[in-house]
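> the sequence isn't on hand, but the structure is:
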Ligand SMILES: Cc1cc2nc3c(=O)[nH]c(=O)nc-3n(C[C@H](O)[C@H](O)[C@H](O)COP(=O)(O)O)c2cc1C
Ligand SMILES: O=C(O)C(=O)c1ccccc1
């Protein structure tokens with residue numbers, strides 16, 4: 001029996017303590033950005049072609065040199081052990097089983113080496129820019145040695161934004177779950193909860209380097225030969241600057257509605273970024289992906305792949321690695337059906353003529 005996505009979500013909500021559920025589900029400020037991306041994707045309509053040979057559809061694709069079962073990756077999310085005792089180790093197994101890529105957060109709750117040992121698919125490591133660059137450098141060395149294939153630098157979070165649910169809960173990661181890849185020195189400020197304040201927000205102000213600019217990317221590119229992908233770009237201007245500064249990929253993202261409130265949603269920014277990079281590096285859409293059809297819509301708008309956030313945690317909370325694989329497979333199976341019904345037997349067959357907006361008709365090509 002194939003479980004619908006909302007069944008995983010309902011099971012996760014029921015299973016998890018209230019403050020953990022709020023940390024997963026919540027957004028920043030008025031939480032306006034939690035629904036904006038979904039609404040934008042829902043407005044996009046598919047334009048199918050008929051009488052195409054779809055007797056065989058192949059959702060497979062390549063992303064920065066890695067072969068994937070579909071253009072699908074798990075977004076970096078902190079502390080998977082909040083969802084399941086095996087944490088990122090189970091997520092790596094589940095993603096590998098489904099043939100999807102896993103991005104491991106800098107705030108992962110399992111050791112990079114253990115995650116890599118459990119993985120059968122490609123891994124990327126996500127980084128926030130810390131004041132202590134030596135800590136970043138050590139982490140990068142370990143990721144390289146463990147076989148991680150790329151680094152994802154999150155650039156939409158010079159600090160963790162005010163999130164009303166976490167503040168009201170005085171949210172702090174419970175004892176027993178830790179960002180084990182960071183030293184206790186770096187993590188010292190993250191413990192202890194206080195009502196009216198999120199420990200993560202406080203910690204980020206102390207440890208994140210909010211002063212970095214485009215010039216600092218040179219340091220990162222010097223300390224590693226891994227491709228660097230920027231996560232959180234929402235404008236054509238920044239996309240052009242990123243390419244100029246040698247990044248290998250871009251993730252169009254509003255951090256799942258957890259950072260800048262009142263912004264444009266990621267799907268609405270996608271064509272602007274795609275046009276700005278002009279094919280010089282892969283572009284990934286992150287946020288609000290909830291159905292295989294969303295993969296098709298993203299590809300039509302020019303994305304090379306999408307990233308999935310919260311639904312992977314719902315799968316993990318539901319049943320560990322099997323749940324993660326179940327959620328990913330559900331989306332891949334839905335995507336494969338959309339391919340057949342769209343007359344698009346390969347990922348290369350999706351283009352801007354495959355979508356329309358109800359008000360303005362077809363996007364200019
Ligand atoms: C619980 C949680 C933790 C997250 N932690 C990180 C993180 O450590 N690093 C990061 O770059 N993004 C983080 N994000 C943002 C996700 O990478 C992603 O942008 C977002 O969840 C995508 O939206 P979706 O959940 O609607 O799919 C986190 C998101 C959630 C829900
Ligand atoms: O990035 C996030 O959304 C997030 O919740 C987080 C968690 C731990 C450290 C930094 C950010």
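That came through, no problem. Everything quoted here is computed from the prediction, not taken from an experiment. Numbering: from 1, shown residues only. Ligands and ions are numbered 1, 2, ... in the order given.

> tell me the phi and psi of residue 154?
The phi/psi pair for residue 154 (degrees, to the nearest 10) reads phi -80, psi 120.

> and for the residue nearest to it when sequence neighbours are not counted, the neighbour number?
For residue 154, ignoring the flanking residues on the chain, the nearest one in space by Cβ to Cβ, 6 or more residues apart in numbering is residue 231 at 4.7 Å. In short, each C-beta sits where N, CA and C put it, glycine included. Residue 231 has 25 neighbours, counted by other Cβ atoms under 10 Å.

> check which helices and strands whichever helix or strand residue 231 is part of sits against.
Here residue 231 sits within strand 228-233, counting by DSSP states H and E. Applying 3 or more Cβ pairs under 8 Å, 6 or more residues apart in numbering; DSSP states H and E, we find strand 228-233 packed against strand 150-154, helix 217-223, helix 236-244, strand 249-252.

> so which residues make contact with that strand?
Under the criterion Cβ atoms under 8 Å, 6 or more residues apart in numbering, residues 64, 76, 124, 126, 150-157, 217, 220-221, 239, 242, 246-255, 259, 273, 284, 286 lie in contact with strand 228-233.

> just the buried residues of the residues you listed.
64, 76, 124, 126, 150-157, 217, 220-221, 239, 242, 247-255, 259, 273, 284, 286 (16 or more other Cβ atoms under 10 Å).

> show me the helices in the stretch 51-200 of the chain, by range?
87-98, 112-118, 133-145, 164-169, 184-187, 199-207 (DSSP state H, counting those that start in this stretch).

> contacting residues for residue 313?
Applying Cβ under 8 Å, 6+ apart, the residues near residue 313 are 12, 24, 77, 80, 83.

> contact partners for whichever residue of the chain sits closest to ligand 2?
As assessed by Cβ to the nearest ligand atom, ligand 2 sits closest to residue 78 within the chain, at 3.6 Å. Applying Cβ under 8 Å, 6+ apart to residue 78 gives the contacts 105-109, 179, 200.

> any idea how far the closest residue to residue 56 other than its chain neighbours is from residue 352?
Of all residues not flanking residue 56 in the chain, residue 345 sits nearest, at 6.4 Å (Cβ to Cβ, 6+ apart). Between residue 345 and residue 352 the computed distance is 18 Å (Cβ to Cβ, to the nearest Å).

> hmm, which helix or strand of this protein has the shakiest average pLDDT?
Ranking every helix and strand in the chain by mean pLDDT, DSSP states H and E puts helix 184-187 at the bottom, with a mean of 82.
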